[in-house]
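*Asks:* With the input below, show me the fold.
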Amino acid sequence: MKKTVLSLTAAAALLAAASAAWATMVIPSSLEQMAGLSDAILVGLVRDQYSYWEDRKIFTSVIVDVTEFIKAPGGETPAALEVKFPGGKVGEIKLEVDQAPQFTTGEEVLLFLNRSGGVFRPYGFYYGVYKIRLDAGTGRKIVYGPLFNQPLVYDLKTMKADRNTVPSGGEDLSSFTNRLRKLVR
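*Replies:* This next block holds a predicted model:
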């Protein structure tokens with residue numbers, strides 16, 4: 001009987017832990033809410049990234065050389081910004097965090113960022129990181145990322161679903177940044 005109770009207790013604990021692990025979820029919000037809730041929105045080039053230990057956890061910092069601020073943090077316009085988030089690899093130890101953003105040194109990005117205690121973090125984790133690529137056919141820069149793959153977005157206050165207004169797959173960078181400028185005025 002003791003073994004059965006112990007096994008059931010262990011199974012319940014495992015189930016609870018698994019449920020908690022699956023709980024990491026980003027709720028897709030509209031472009032309007034992303035622009036309004038972000039402390040900074042910028043276009044830049046990833047110069048460097050490194051992972052390190054802090055308070056017994058691994059974090060990654062990404063250094064972005066800013067080419068354009070669409071929304072400046074507190075009116076400041078630094079030439080470079082450091083973006084920090086949990087996860088990374090230090091030596092042989094790797095901490096993988098579900099839905100953590102991925103960066104490649106040298107790539108061009110558009111970032112929605114929140115600032116807390118002087119530290120910038122991507123809005124909604126990976127949801128605030130958008131890649132920019134050159135369309136070989138047109139020669140134009142295209143921005144793409146998580147928002148472009150969502151048929152529905154949610155009002156984060158009411159949780160009411162609505163149709164996403166950004167085009168599926170990506171959008172011309174100039175058009176997208178112009179739309180963002182109108183939203184942050």
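*Asks:* Enumerate every residue touching Phe69.
*Replies:* Ala40, Ile41, Leu42, Thr77 (C-beta atoms under 8 Å, 6 or more residues apart in numbering). The C-beta positions use only the backbone N, C-alpha and C, and glycine is treated the same way.
*Asks:* May I have the beta-bridge partners of it?
*Replies:* Beta-bridge partners recorded for Phe69 (DSSP bridges): Leu42.
*Asks:* ok, it to Arg179 distance?
*Replies:* Going from Phe69 to Arg179 by C-beta to C-beta, to the nearest Å gives 16 Å.
*Asks:* now swap in Glu107 and tell me
*Replies:* Counting by C-beta to C-beta, the gap from Glu107 to Arg179 is 22 Å.
*Asks:* nearest residue to the residue positioned nearest the centre of the chain other than its sequence neighbours?
*Replies:* Nearest to the geometric centre of the chain sits Tyr126, at 2.7 Å (C-alpha atoms, centre = their mean). Among residues not flanking Tyr126 along the chain, Pro101 sits closest, at 4.5 Å (C-beta to C-beta, 6 or more residues apart in numbering).
*Asks:* pretty sure that neighbour contacts Phe125?
*Replies:* Yes - applying C-beta atoms under 8 Å as the test, Pro101 and Phe125 come out as touching, 6.5 Å apart.
*Asks:* Need the residues touching each of those two.
*Replies:* Common neighbours of Pro101 and Phe125 are listed as Phe85 (criterion: C-beta under 8 Å, 6+ apart).
*Asks:* Show me what secondary structure element comes after the worst-scoring helix or strand of the chain on mean pLDDT.
*Replies:* Taking mean pLDDT, DSSP states H and E as the measure, helix 2-22 is the helix or strand of the chain with the lowest mean score, a mean of 40. Later in the chain than helix 2-22, the nearest helix or strand by DSSP states H and E is helix 31-37.
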